[in-house]
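K.L.:
I would like the atomic coordinates for the input below:
(2 chains)
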There are 2 protein chains.
Amino acid sequence: MTDPLPRLVDHEQRRRQITDAVRRVIVSGGMGAVTFQTVAAEAGFSVRLVQYYFGTKHEFLLATHRSVMEDAGARFLRQWNALGSDATPREAIRAVLIELLPLDDQRHEETLVLGAFGWANLTGQGINAEETFVAPRAVVTLVTDQLRRAQLPDESSSADHALDAALVVAATGGIAQGMLQGFSTAESATELIDHLLDRVLGPESKH
Amino acid sequence: MTDPLPRLVDHEQRRRQITDAVRRVIVSGGMGAVTFQTVAAEAGFSVRLVQYYFGTKHEFLLATHRSVMEDAGARFLRQWNALGSDATPREAIRAVLIELLPLDDQRHEETLVLGAFGWANLTGQGINAEETFVAPRAVVTLVTDQLRRAQLPDESSSADHALDAALVVAATGGIAQGMLQGFSTAESATELIDHLLDRVLGPESKH
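P.N.:
Sure, this is the predicted structure:
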């Protein structure tokens, strides 16, 4: 805004402003409230400008969903970089799961938006179901890899890692939803994540 | 309908017809679609008749929520009776958790309706959040009692039973949601429940 020189429009920034507006419309009114009109009004743009960037509602919903996944993925990477290369598998998994809890405004918004996409699947609104499975599948893969790395010397079967990872991700989803709805506090949700890791990886002292 | 004698209106049945209509309206249109008009139309009653039984929208929503909990509770009891008094704690817990998965039309509807109540909490629609916590709290208590009964001789602490039960219920919620949205099949959701019990109670052969 203080830039003294005229410059090209930053298209990536415009797209982001629109998908951010989509998120806010979903948070305040649910998926049913999302239209070109409400999104344009929320972004402070004309409907025509939104249409310039996204030809259909499906396109901006898809871009919004992807932006949430990218934000979460970028946070995973920051957390992993902060942990360093000598992080234990448990620490690496915990860092990912904690990023999936609605522990601050950003993650609260993400949990609500992803939940709204999930519900929209059921009524055929939103994007198609397969698209919404990309994120949980990616997390299951991350967790599976870490569980494999944590494998104890006396473990013989490797088939259980994928099953454990699916359980960990499903349980984290349930814990996040419980916290979102006020059934759990931030503290008890975090305690449940640690207990989940105890039950899957064994008590912390062993690793 | 084949009753040859005139009889008094069965008020309990009428109330049930109305709360069943509320469920169907929620399933087809979400919580936002629920009004006296849509519920009356779905039940095939006049708005005035619905108002005779329920003075406010809050009242019929509350009655609908309770009817879902009562149906699930009645199924738990039937399952427990079928298991008999020599059921292991694991069998008793499993029977309850399986009833919480959307494995048939009835449970699919219940999962959707309870989910819609949960989401409605977030926007201040629906009933108040505390009311929606009654059901999960009751399940946590049931599971805690069974885990206590399953306590191994070498376990010293009893504090973990409540934490394990909270984890089991949160995880089951996540598994049920995943199945509802098509991320898991009935088979993989059931497998996750069994794996959850393995991780909390130890592998089945030990119990």
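K.L.:
C-terminal to the helix or strand bottoming out on mean pLDDT in chain A, what's the next element?
P.N.:
Lowest by mean pLDDT, DSSP states H and E among the helices and strands of chain A is helix A:105-123, with a mean of 88. Per DSSP states H and E, helix A:105-123 leads on to helix A:129-149 as the next helix or strand towards the C-terminus.
K.L.:
Check which helices and strands that next one is in contact with.
P.N.:
The contact analysis (3 or more CB pairs under 8 Å, 6 or more residues apart in numbering or on different chains; DSSP states H and E) places helix A:129-149 against helix A:57-83, helix A:89-99, helix A:105-123, helix A:159-180. Every residue, glycine included, has its C-beta placed from N, CA and C.
K.L.:
do you know which of these lies nearest chain B?
P.N.:
helix A:159-180 (3.0 Å; CB to the nearest CB).
K.L.:
check contacts around the closest residue to residue A:95 other than its chain neighbours.
P.N.:
In this structure, residue A:95 finds its nearest non-sequential neighbour in residue A:79, 4.0 Å apart by CB to CB, 6 or more residues apart in numbering or on different chains. By CB atoms under 8 Å, 6 or more residues apart in numbering or on different chains, residue A:79 lies in contact with A:95-96, A:98-99.
K.L.:
still on that earlier bit, against which helices or strands is the least confident helix or strand of chain A packed?
P.N.:
Helix A:105-123 is packed against helix A:11-29, helix A:57-83, helix A:129-149, helix A:159-180, helix B:105-123, with contacts defined by 3+ CB pairs under 8 Å, 6+ apart.
K.L.:
give me that answer again for 6 Å
P.N.:
Under the contact criterion of 3 or more CB pairs under 6 Å, 6 or more residues apart in numbering or on different chains; DSSP states H and E, helix A:105-123 touches helix A:11-29, helix A:57-83.
K.L.:
Just the C-alphas of the shortest one, formatted as CSV.
P.N.:
This means helix A:11-29. Coordinates of each C-alpha in helix A:11-29 appear next as CSV, following Å, rounded to 0.1, in the frame of the first residue of the first chain:
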residue,chain,number,x,y,z
HIS,A,11,-2.6,-12.5,-8.9
GLU,A,12,-1.6,-15.0,-6.2
GLN,A,13,-2.4,-12.5,-3.5
ARG,A,14,-5.8,-11.8,-5.1
ARG,A,15,-6.6,-15.5,-5.2
ARG,A,16,-5.6,-15.7,-1.6
GLN,A,17,-7.8,-12.8,-0.6
ILE,A,18,-10.7,-14.5,-2.3
THR,A,19,-10.1,-17.9,-0.6
ASP,A,20,-9.6,-16.2,2.7
ALA,A,21,-13.0,-14.5,2.2
VAL,A,22,-14.5,-18.0,1.4
ARG,A,23,-13.2,-19.3,4.7
ARG,A,24,-14.7,-16.4,6.6
VAL,A,25,-18.1,-16.8,4.9
ILE,A,26,-18.0,-20.6,5.8
VAL,A,27,-17.1,-19.8,9.4
SER,A,28,-19.9,-17.3,9.8
GLY,A,29,-22.7,-18.9,7.8
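K.L.:
list the buried ones in it?
P.N.:
By 16 or more other CB atoms under 10 Å in any protein chain shown, the buried positions in helix A:11-29 come out as A:14-15, A:17-23, A:25-27.
K.L.:
tilt between it and helix A:105-123?
P.N.:
Orientation of helix A:11-29 against helix A:105-123 (axes from the mean of the first three to the mean of the last three CA atoms, to 10 degrees) gives an angle of 70 degrees.
K.L.:
elements contacting helix A:11-29?
P.N.:
Going by 3+ CB pairs under 6 Å, 6+ apart, helix A:11-29 lies up against helix A:36-43, helix A:47-53, helix A:57-83, helix A:105-123.
K.L.:
what's the angle from the first one to helix A:11-29?
P.N.:
Just to be clear, that refers to helix A:36-43. Computed by the same axes, to 10 degrees, the angle between helix A:36-43 and helix A:11-29 is 110 degrees.
K.L.:
and what of the third one?
P.N.:
Computed with the same axes, to 10 degrees, the direction of helix A:57-83 lies at 100 degrees from that of helix A:11-29.
K.L.:
roughly how far is helix A:57-83 from the heart of the chain?
P.N.:
6 Å (CA atoms, centre = their mean, to the nearest Å).
K.L.:
One more: the second one?
P.N.:
Averaging C-alpha positions (CA atoms, centre = their mean) puts helix A:47-53 26 Å from its chain's average.
K.L.:
tell me the mean pLDDT over that helix?
P.N.:
In this model, helix A:47-53 has a mean pLDDT of 97.
K.L.:
And the first one, by the same measure?
P.N.:
Mean pLDDT, computed over helix A:36-43, is 98.
K.L.:
And that helix, what's buried?
P.N.:
Those would be A:36, A:38-40, A:42-43, for helix A:36-43 by 16+ other CB under 10 Å.
K.L.:
Likewise for the second one?
P.N.:
Of the residues in helix A:47-53, those scored as buried under the neighbour-count criterion (16+ other CB under 10 Å) are A:50, A:53.
K.L.:
Stretch A:190-207 vs chain B: in contact?
P.N.:
Yes - using CB under 6 Å from any CB of the partner chain, we find that stretch A:190-207 touches chain B at A:192, A:195-196, A:199-200.
K.L.:
Could you give the separation of that stretch from the chain centroid?
P.N.:
Worked out by CA atoms, centre = their mean, stretch A:190-207 lies 22 Å from the chain centre.
K.L.:
hmm, back to that, can I get the helices and strands packed on helix A:129-149 in TSV including distance to residue B:132?
P.N.:
Formatted as TSV, the helices and strands packed on helix A:129-149 follow (distance: least, CB to CB, whole Å):
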stretch	distance to residue B:132
helix A:57-83	25
helix A:89-99	25
helix A:105-123	15
helix A:159-180	11
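K.L.:
Nearest to residue A:51, out of these?
P.N.:
Closest approach to residue A:51 among these (CB to CB): helix A:57-83, 9.6 Å.
K.L.:
Nearest to residue A:129, out of the helices and strands packed on helix A:129-149?
P.N.:
Closest to residue A:129 of these is helix A:105-123 (CB to CB; 4.5 Å).
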